[in-house]
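[1] Here's my sequence, what's the structure:
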Amino acid sequence: MVMLEQCRRRLGPGATFYCEHFHAEAGEHIALWGPSGCGKSTMLNLISGLLRLDSGRIEVDGVEIHDMSEGQLDQFRGERLGFVFQTFNLLAPFTALQNVMLAMRFSDTVPQKEWKSRATMLLERVGLDHRLHSKPNTMSVGEQQRVAIARALANKQRLIMADEPTGSLDPKNAKEIMALLLEVCTEEEVTMIMVTHDRALAERLPKQFDCVGLVTEGES
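    Residues are numbered from 1 along each chain as shown. Here you go, the predicted structure:
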C-alpha cells in the first residue's frame, strides 16, 4: 500500500530527512511517533506528495508518486487520500453536511447524485445525525473532529493520513475520537498512518514506527 525506499529530502540549512525503508500493507493502522522535530510530519507530507523528494522512491496504492506533476498529485490525493488534522480545517460558512459534500468535488469516485446520501451516511456513522445542518462555530471540538473524519472518508479513500488528530481535544474526547477513527477505518478497510508525539496513543495502534533519527544535522 505504502512504501518508501532510500528517501532523502533536504529541509534547510543543516537538516536532512532520510528514511531507508518504510512499508505499510493495505488495511494496516500505523503510528509514526516521536518528539517534535524528529521527522514524522515530514514523512507524512512526503507520502501525501505535499513535499517532494530530493532522491529515493515512494509508492502509494501501487503508484509511484515522486515523479507525478502537481495536477496529477492533486487528482491522486482527491481520489485516494483522506486527511484528518489537529485543527480540523472545516469551512466556517458551511454546515457539517456541506463540508463533507464539498470534499467530493475533488474526485469522481462518488457520483454527484450520491453526494448528499453518502455525506449523510458518514455523518450518521460518526454520531452526528443531529448535527447535519450545524455550522462549525456551533459545534464542540469533538464534534468538529467527527465531521473531519467523515470528510476524510467522503471519496472512499484508500489511505487516511492523520496528523495529531487528538491534539486539540481533552482526554475524554481524545479517547473517543481515537476509538472512532480506528473503528471506522477498520470497517471501511482503509489504511491509516497517524502522526503522534504521544507514545501511549501510538501504542493504541497495532503497529508503530519510531521516527527518531530520521532528521540529521548537516549534509547526509
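[2] residue ranges for the helices of this structure, please.
    Assigned by DSSP state H, the chain shows helices spanning 40-47, 70-80, 96-103, 115-125, 141-152, 171-187, 199-202.
[3] got the CA positions of the fourth one in PDB?
    Taking Å, rounded to 0.1, in the frame of the first residue of the first chain, the C-alpha atoms of helix 115-125 are listed here in PDB:
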ATOM      1  CA  TRP A 115     -23.100  13.100  -2.600                       C
ATOM      2  CA  LYS A 116     -25.800  14.000  -0.100                       C
ATOM      3  CA  SER A 117     -26.700  10.400   0.800                       C
ATOM      4  CA  ARG A 118     -23.100   9.400   1.300                       C
ATOM      5  CA  ALA A 119     -22.300  12.500   3.300                       C
ATOM      6  CA  THR A 120     -25.400  11.900   5.500                       C
ATOM      7  CA  MET A 121     -24.500   8.300   6.000                       C
ATOM      8  CA  LEU A 122     -20.900   9.100   7.100                       C
ATOM      9  CA  LEU A 123     -22.100  11.800   9.500                       C
ATOM     10  CA  GLU A 124     -24.600   9.400  11.000                       C
ATOM     11  CA  ARG A 125     -21.800   6.800  11.300                       C
END
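[4] who does it touch, helix- and strand-wise?
    helix 96-103, helix 141-152 (3 or more C-beta pairs under 8 Å, 6 or more residues apart in numbering; DSSP states H and E). For every residue, glycine as well, the C-beta is placed using N, CA and C.
[5] Equivalent analysis for the longest one, please.
    With contacts defined as 3+ C-beta pairs under 8 Å, 6+ apart, helix 171-187 has these neighbours: strand 29-33, helix 141-152, strand 159-163, strand 191-196.
[6] give the contact list for the residue nearest the centre of the chain.
    Nearest to the geometric centre of the chain sits residue 161, at 1.7 Å (C-alpha atoms, centre = their mean). By C-beta atoms under 8 Å, 6 or more residues apart in numbering, residue 161 lies in contact with 44, 47, 48, 81, 82, 83, 84, 192, 193.
[7] Which two of those have the greatest separation?
    Farthest pair in the contacts of residue 161 (C-beta to C-beta) is 47 and 84. Separation: 14.2 Å.
[8] Pretty sure residue 78 sits against residue 106.
    Yes. With contact defined as C-beta atoms under 8 Å, residue 78 reaches residue 106; the gap is 3.5 Å.
[9] Give me the residues contacting stretch 42-56.
    2, 4-11, 17, 19, 22, 32, 58, 60, 65-66, 68, 73, 76-77, 81, 83, 161, 163, 193, 195, 211, 214-215.
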